[in-house]
Structures are given as structure tokens and as C-alpha cells.
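**Q** For reference, the sequence and a predicted model appear below.
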Amino acid sequence: MRLILFDIDGTLLWTDGAGRRAIHRALLDETGTAGPIEGYRFDGKTDPQIVRELLTLAGHPECDSEDRIAAVCRRYVELLTAELAKPTQATRLYPGITDLLAALEPYEADGRALVGLLTGNVQHGAALKLRSAGLDPARFPIGAFGSDSHARADLPAVAAKRAAERTGRRFTGADLVIVGDTPDDVACARPMGARTVAVATGFFDTAALRAAEATHVFETLSDTRAVLEALFA
Ligand SMILES: [Mg+2]
């Protein structure tokens with residue numbers, strides 16, 4: 001059985017900056033600074049990592065306070081809810097995602113696959129973004145989130161443990177496939193020997209994802225048959 005774990009932002013969907021705006025406001029509300037957020041890259045990072053790094057870059061005295069970081073993340077979820085509810089909000093799924101998720105259903109039904117999430121989003125934020133794009137969070141019965149660890153590299157083991165608890169099977173090495181849009185998604189797979197399917201729908205092009213040594217690289221996930229072949233290779 002394959003454990004197939006999807007990243008969210010840049011891989012399944014794009015919130016058109018709603019996540020960035022919500023973190024920006026949450027930092028200002030809770031700490032009075034968002035640091036050098038204008039030129040700062042979010043992709044590949046976990047939400048608490050983003051908060052910690054921006055507070056550190058700002059020289060904020062509470063940059064290492066778990067309580068302060070958690071408070072910013074809670075405020076972020078409130079603000080994200082409001083951002084995603086705006087009539088102007090345009091969350092979109094990337095090409096091929098709807099078809100790919102539908103094509104995976106028979107694999108899940110007969111036990112060849114278990115589909116889940118591996119994302120830097122805190123869990124509640126992940127659910128908000130999925131719903132905003134018309135996806136039911138329950139579509140992904142396994143998940144590892146930024147709320148589980150600041151470090152993305154910790155998340156494959158979290159997902160594998162939850163998958164084992166659910167199925168009674170062990171997931172190791174090539175049983176895991178991580179689907180993501182950044183070199184950080186590829187790197188987090190390495191400690192467990194997981195395979196990676198990297199997609200250039202985010203800010204990294206196929207050359208950058210190949211250089212990161214992704215197992216498979218796609219421009220988009222729209223060629224369902226080719227992506228399935230890669231997932232079950
Ligand atoms: Mg991403």
C-alpha cells in the first residue's frame with residue numbers, strides 16, 4: 001500500500017495571497033511587527049517556522065517563545081477565515097487535481113493507496129484552504145501539519161505513524177510518496193527514503209526541482225495517467 005501525501009499551497013491549490021495576508025496581519029496584531037515580510041519566501045516552510053523566522057529577523061524579543069508563536073498562529077487562523085470568506089477571494093485548484101483525486105479513489109478502495117496531506121499549514125488552516133477550493137478535508141484521512149512540528153523534516157514520520165495506526169501496517173521507504181512544489185518537500189522525504197513527485201505549479205521550475213533530486217518532476221499534475229504511473233512506480 002502506498003501512502004501518498006500531498007502538499008497544499010503550490011501543489012493542490014493557490015489562495016491568491018490570502019495566507020500571506022493573514023499571517024502578515026496576525027504578526028502585526030500579536031507582536032507589533034511582521035519583520036521583513038515583503039521579500040520573505042513562505043513556500044516550503046511551516047506556519048510556525050514562518051512566524052519564528054520573521055520574528056527572529058525582526059529582532060523580536062519573543063522570537064523563540066512557543067506561546068507567542070502559537071498565539072500568532074491562532075490569530076492567523078481567525079484572519080484566514082475572514083480572508084477566505086471575502087467575496088473577492090479566488091482560491092483555485094491547479095489543473096488536473098480534481099481528476100487525479102478522482103483517479104486515486106479506486107486505488108484507495110482496494111487498499112493500494114492511502115491518500116493524505118503533508119503540509120506546513122497548521123491543521124485548521126489547511127482545512128480552511130481546502131474548503132475554500134471546494135475540497136473536503138475528509139478526502140485526506142491522513143495528515144501531518146505545521147501544527148505537529150515547526151520542522152517539515154519531522155512530518156513524514158508523523159504521517160507514517162498515523163497511517164500505521166489507521167491501517168495496522170508499517171509504512172517505510174518507498175511506501176511513502178510525497179507530492180510537493182518545493183525543494184523542501186523533496187528534502188523532507190530523504191530521511192525516511194520516501195519517493196517524491198515534484199510539480200512546478202508553485203514558484204520553483206522543473207529544473208530547480210530536478211536539481212533538488214525529486215524522483216519524478218512534472219510541469220503540472222494534469223496528465224493523470226503519467227502521474228499515477230509515477231505515484232505507483
Ligand atoms: Mg507548497
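**A** Arrived safely, thanks for sending. Residues are numbered from 1 along each chain as shown.

**Q** And Gly202, how far from the ion?
**A** In this view, Gly202 and the ion are 5 Å apart by C-beta to the ion, to the nearest Å. C-betas here are computed from N, CA, C, even on glycine.

**Q** Can you verify that residue is assigned to a strand?
**A** No: Gly202 sits outside any strand when classified using DSSP: H, G, I helix; E, B strand; the rest coil, being coil.

**Q** Does it touch Asp184 like I think?
**A** No: using C-beta atoms under 8 Å as the test, Gly202 is too far from Asp184 to be in contact (10.6 Å).

**Q** list residues touching both of these two?
**A** Shared contacts of Gly202 and Asp184 (C-beta atoms under 8 Å, 6 or more residues apart in numbering): Asp43.

**Q** what's the nearest residue to Thr15 if we skip its chain neighbours?
**A** Leaving aside its sequence neighbours, Thr15 sits nearest to Thr91 (C-beta to C-beta, 6 or more residues apart in numbering; 5.0 Å).

**Q** my guess is that neighbour meets Leu135, correct?
**A** No: using C-beta under 8 Å, Thr91 is not in contact with Leu135; the gap is 9.7 Å.

**Q** Quickly list what's touching both of those two.
**A** In contact with both Thr91 and Leu135: Leu13, using C-beta under 8 Å, 6+ apart.

**Q** can you give me the strands in the protein?
**A** Using DSSP state E, the strands of the chain run over 2-6, 13-14, 92-93, 113-118, 142-144, 176-180, 195-199, 216-218.

**Q** need the longest helix for this protein.
**A** For the chain, the helix with the greatest residue count under DSSP state H is helix 66-85.

**Q** That one - contacts with which helices or strands?
**A** Packed against helix 66-85 by the contact rule (3 or more C-beta pairs under 8 Å, 6 or more residues apart in numbering; DSSP states H and E) you find helix 18-31, helix 47-57, helix 123-132.

**Q** Quickly check: the last one near the ion or not.
**A** Translated: helix 123-132. No: taking C-beta under 5 Å from the ion as the criterion, helix 123-132 and the ion are apart, separated by no less than 11.0 Å.

**Q** Counting by contacts, list what that helix packs against.
**A** strand 13-14, helix 18-31, helix 66-85.

**Q** and if you look at the second one?
**A** Identification of packing neighbours for helix 47-57 by 3+ C-beta pairs under 8 Å, 6+ apart yields helix 18-31, helix 66-85.

**Q** Comparing those helices, which comes out most buried?
**A** helix 18-31 (a mean of 20; mean count of other C-beta atoms under 10 Å).

**Q** That one and the ion, are they touching?
**A** No: under the criterion of C-beta under 5 Å from the ion, the ion is not reached by helix 18-31; the shortest gap measures 10.5 Å.
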